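[1] This is a predicted model, with the sequence first.
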Amino acid sequence: MRNLKLYEDWYTPPEYKDDPEPEEIGREIEHTEAQQLFTPVFCYDEKPHQDGRRRHEEGQPDFDVLMDKTPEGTLWAIRVIDETVPDSYKMLWNTSDGEMYVQDIDSVINLATDLFKAGDFSKGFDEWENEDYEKNLVRISTPSDVDYMLDYLYDYLQPGHGGYYGKSRKTKPLRPEEITRVKRAITALVRYKKRIEANTAGETNKI
């Protein structure tokens with residue numbers, strides 16, 4: 001048995017040996033759960049070497065959806081493509097291919113927390129557009145804001161959706177667990193829209 005072990009170690013070609021598991025190195029900017037001002041509603045937790053694909057290759061929507069920790073539970077959209085999340089917020093991993101920055105859920109929540117504290121956000125998508133799309137954090141304030149996000153998610157569910165960069169969606173359809181995740185976010189947004197409409201109706205009745 002000992003000779004067999006030596007044979008396996010010495011003569012097994014490298015391409016047939018298991019790669020070592022990726023290891024977390026750490027992130028430069030990190031907040032504790034108590035310090036984070038948001039929780040995820042629709043947020044993509046990328047992993048190193050996840051099916052050999054990265055977020056943009058899977059046609060992920062431009063925005064994630066977060067809920068703040070206020071009693072109102074306001075929903076927010078945060079833009080997460082085109083390198084809008086700096087590497088300093090991402091987790092650095094040591095992999096068989098070298099060091100790799102990975103954008104996970106904490107990356108997005110920590111960034112949103114700092115953007116909010118700095119007042120660096122738009123109060124709705126109309127304001128975001130009027131400001132030439134410069135802000136990466138947008139408060140979902142009106143029914144039309146909700147519709148803006150719902151359009152993204154409904155489009156994401158379409159079989160031919162290829163995302164911002166590639167056409168991978170056409171040959172790699174969404175996994176069942178991903179479809180479930182999107183539908184949960186849609187349900188949360190629809191409920192939130194009804195709440196906004198009810199509050200707006202209440203304010204109108206007071207006038």
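    Cool, the structure landed. Numbering: from 1, shown residues only.

[2] Please count neighbours and contacts with C-alpha atoms only from this point.
    Noted.

[3] just for this protein, where's the confidence low?
    1-19, 49-59, 160-172, 201-207 (pLDDT under 70).

[4] Show me the helices in it, by range?
    Ranges of helices in the chain, per DSSP state H, are 2-11, 105-117, 125-130, 143-157, 168-171, 176-206.

[5] CSV for those, including distance to Y44?
    Formatted as CSV, the helices of the chain follow (distance: least, Cα to Cα, whole Å):
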stretch, distance to Y44
helix 2-11, 38
helix 105-117, 6
helix 125-130, 22
helix 143-157, 13
helix 168-171, 16
helix 176-206, 10
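
[6] In TSV, list those along with mean neighbour count and distance to N94.
    Formatted as TSV, those follow (neighbours: other Cα atoms under 10 Å; distance: least, Cα to Cα, whole Å):
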stretch	mean neighbour count	distance to N94
helix 2-11	10	23
helix 105-117	21	17
helix 125-130	15	37
helix 143-157	17	31
helix 168-171	16	27
helix 176-206	14	27
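
[7] between those, which one is nearest to K47?
    Closest approach to K47 among the helices of the chain is made by helix 105-117 (10.3 Å; Cα to Cα).

[8] For the closest one, output the C-alpha coordinates as PDB.
    These are the backbone C-alpha positions of helix 105-117, laid out as PDB (Å, rounded to 0.1, in the frame of the first residue of the first chain):
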ATOM      1  CA  ILE A 105     -22.800  39.700  -1.100                       C
ATOM      2  CA  ASP A 106     -20.800  41.400   1.600                       C
ATOM      3  CA  SER A 107     -18.900  43.300  -1.000                       C
ATOM      4  CA  VAL A 108     -22.100  44.900  -2.200                       C
ATOM      5  CA  ILE A 109     -23.600  45.500   1.200                       C
ATOM      6  CA  ASN A 110     -20.400  47.100   2.600                       C
ATOM      7  CA  LEU A 111     -20.200  49.400  -0.500                       C
ATOM      8  CA  ALA A 112     -23.900  50.400  -0.100                       C
ATOM      9  CA  THR A 113     -23.300  51.100   3.500                       C
ATOM     10  CA  ASP A 114     -20.500  53.500   2.800                       C
ATOM     11  CA  LEU A 115     -22.300  55.200  -0.100                       C
ATOM     12  CA  PHE A 116     -25.300  55.800   2.100                       C
ATOM     13  CA  LYS A 117     -23.200  57.200   4.900                       C
END
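
[9] And for it, what's in contact with it?
    29-31, 36-40, 43-46, 66, 78, 80, 85, 89-91, 121, 137 (Cα atoms under 8 Å, 6 or more residues apart in numbering).
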